[in-house]
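S.K.: let me see the structure of the following:
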Amino acid sequence: MLKKLAWLVAVVLLCPYSWATAAPLCLFISSYHVGYDWSDGVERGLHKALDGKCDITSFNMDAKRNSSTEHIQKAALEAKTLIEQLNPDVVIAADDIAAKYLIVPYFKDASIPFVFCGINWTVEQYGFPFNNVTGMIEVAAVQPLFEKSSAIAGKISHASYIGADTLTEAKNLSRFKQAAKELNIELSSKLSKTARQWIHSYKQAQKSQLIIMGSNAGIENWDEETVLNAIRPYTRTLSVTNHGWMMPYTMFGMTKIPEEQGEWAGQIALEILQGTKPADIPIIPNQKFDIVINKSLLETANITIPEFIKLKAQPFRQ
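M.R.: Residues are numbered from 1 along each chain as shown. This next block holds a predicted model:
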């Protein structure tokens with residue numbers, strides 16, 4: 001018995017911090033999938049903030065490729081079970097699906113703190129903040145995008161919005177409609193389920209003075225080379241976007257930066273781990289945007305970017 005006790009004492013002396021210094025556990029719940037540019041960028045930012053400070057486990061709900069309510073509810077239950085099994089110190093949840101199907105029904109005012117990011121425009125529909133929830137909403141530079149478009153193409157009276165037929169795109173479209181109305185711009189729109197439908201919408205939109213490119217995420221049968229080959233012969237009208245991954249098909253972008261969302265969420269997670277209550281941390285919008293120009297498509301359409309815009313822009317690199 002004395003020998004066994006002496007052995008235990010030796011282990012403790014040799015490893016005095018083995019338990020005390022164990023890193024906290026941070027669980028990242030993504031609404032979408034690995035390989036989706038936005039989700040990948042959010043996760044890169046998250047790792048930048050948390051690597052070496054928190055052990056990170058990830059779970060992907062895959063709601064962009066599998067958008068049925070049945071799949072999403074099943075994924076939310078799987079995420080709930082994982083949270084209950086792991087009992088993480090903090091959960092970081094990205095985008096609307098995780099908020100609507102996971103946080104709201106299962107973890108309102110729960111003991112586990114949540115930091116969200118990537119929720120589009122507003123959190124009113126989810127009732128945030130909860131006592132255990134704070135985060136960063138995702139907003140697009142809508143008014144500045146219209147202003148830059150006018151500086152490039154002249155006065156705009158009619159524009160077209162094209163994107164995917166998804167919940168996120170419907171929310172984005174509503175914001176552009178509101179801004180267009182305030183600027184006395186007539187805005188037509190078409191949200192597509194398939195690449196073929198989107199290509200048709202792009203061709204039709206050439207009749208407008210401006211094409212606003214929403215996201216293609218959720219559009220079936222999308223192939224970059226096929227889409228580019230299909231649209232290039234028809235490309236004449238200025239196209240603009242808020243999405244970095246749409247720049248292969250778009251002339252001008254004021255794009256949101258997913259890494260900003262992930263890095264901020266990671267920094268807030270660290271604050272919570274140090275004792276700050278989520279309810280004491282205000283919900284804020286993203287602050288940063290990149291200005292990007294696609295020289296190839298601009299040349300195809302024979303459109304020139306004013307020098308004062310070009311000086312602040314970065315070239316799109318395939």
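S.K.: tell me where the stretch 51-200 of the chain has strands.
M.R.: 55-60, 90-94, 114-120, 133-138, 158-164, 186-192 (DSSP state E, counting those that start in this stretch).
S.K.: sheet-wise, list the partners of the first one with their directions.
M.R.: If you go by DSSP bridges, strand 55-60 pairs up with strand 25-30 (parallel).
S.K.: same question, the second one
M.R.: Strands flanking strand 90-94 in the sheet, each with its direction: strand 25-30 (parallel), strand 114-120 (parallel) (DSSP bridges).
S.K.: for these, which one sits closest to residue 63?
M.R.: Distance to residue 63, taken as Cβ to Cβ, is lowest for strand 25-30 among the strands paired with strand 90-94, at 9.1 Å. Any C-beta I mention is one placed from the backbone N, CA and C, and that applies to glycine too.
S.K.: who does the helix or strand following that closest one touch, helix- and strand-wise?
M.R.: With elements assigned by DSSP states H and E, the helix or strand that comes after strand 25-30 is helix 37-50. In terms of contacts (3 or more Cβ pairs under 8 Å, 6 or more residues apart in numbering; DSSP states H and E), helix 37-50 is packed against strand 25-30, strand 55-60, strand 90-94, strand 114-120, helix 258-273.
S.K.: how far does helix 37-50 sit from the chain's center?
M.R.: Mean C-alpha position of helix 37-50 versus that of the full chain (Cα atoms, centre = their mean, to the nearest Å) differs by 10 Å.
S.K.: for that helix, buried residues please.
M.R.: Neighbour-count burial for helix 37-50, with 16 or more other Cβ atoms under 10 Å as criterion, is recorded at 38-43, 45-47, 49-50.
S.K.: strand 133-138 and that one, what's the angle between them?
M.R.: Between the axes of helix 37-50 and strand 133-138, defined by axes from the mean of the first three to the mean of the last three Cα atoms, to 10 degrees, the angle is 130 degrees.
S.K.: what is the rounded mean pLDDT of helix 37-50?
M.R.: For helix 37-50, mean pLDDT is 94.
S.K.: also stretch 256-271?
M.R.: Mean pLDDT, computed over stretch 256-271, is 95.
S.K.: neighbouring contacts of that stretch?
M.R.: 26, 37-50, 53-54, 90, 92, 94, 115-118, 134-136, 138-141, 242-244, 281, 286-290 (Cβ atoms under 8 Å, 6 or more residues apart in numbering).
S.K.: mind listing what's buried in that stretch?
M.R.: So for stretch 256-271, counting by 16+ other Cβ under 10 Å, buried means 256-266, 268-271.
S.K.: output the contacting helices and strands for the longest helix along the chain.
M.R.: Counting by DSSP state H, the longest helix found in the chain is helix 69-86. For helix 69-86, the elements it packs on are strand 25-30, strand 55-60, helix 96-98, helix 104-106, judged by 3+ Cβ pairs under 8 Å, 6+ apart.
S.K.: in the stretch 151-300 of the chain, what spans have low per-residue confidence?
M.R.: Within the stretch 151-300 of the chain, no stretch has pLDDT under 70.
S.K.: the helices in it, which residues?
M.R.: 167-182, 195-205, 224-231, 258-273, 295-301 (DSSP state H, counting those that start in this stretch).
S.K.: hey, which of the ones you listed is tucked in deepest?
M.R.: Counting by mean count of other Cβ atoms under 10 Å, helix 258-273 has the highest mean neighbour count of these, with a mean of 22.
S.K.: follow-up on the earlier one: identify the farthest-apart pair in the buried residues of helix 37-50.
M.R.: By the measure Cβ to Cβ, 38 and 50 form the most distant pair in these, at 18.6 Å.
S.K.: output stretch 44-60 in PDB with nothing but the alpha carbons.
M.R.: This file holds the C-alpha atoms of stretch 44-60, laid out as PDB (Å, rounded to 0.1, in the frame of the first residue of the first chain):
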ATOM      1  CA  ARG A  44      -9.700  29.800 -40.800                       C
ATOM      2  CA  GLY A  45     -10.400  33.000 -38.800                       C
ATOM      3  CA  LEU A  46     -11.600  30.900 -35.900                       C
ATOM      4  CA  HIS A  47      -8.400  28.900 -35.800                       C
ATOM      5  CA  LYS A  48      -6.300  32.000 -36.100                       C
ATOM      6  CA  ALA A  49      -7.900  33.300 -32.900                       C
ATOM      7  CA  LEU A  50      -8.100  30.000 -30.900                       C
ATOM      8  CA  ASP A  51      -5.200  27.700 -32.000                       C
ATOM      9  CA  GLY A  52      -3.100  27.000 -28.900                       C
ATOM     10  CA  LYS A  53      -5.700  28.500 -26.600                       C
ATOM     11  CA  CYS A  54      -8.600  26.200 -27.000                       C
ATOM     12  CA  ASP A  55      -9.100  22.600 -28.400                       C
ATOM     13  CA  ILE A  56     -11.400  22.900 -31.400                       C
ATOM     14  CA  THR A  57     -13.900  20.300 -32.500                       C
ATOM     15  CA  SER A  58     -16.000  20.900 -35.600                       C
ATOM     16  CA  PHE A  59     -19.400  19.700 -36.800                       C
ATOM     17  CA  ASN A  60     -20.900  20.500 -40.200                       C
END
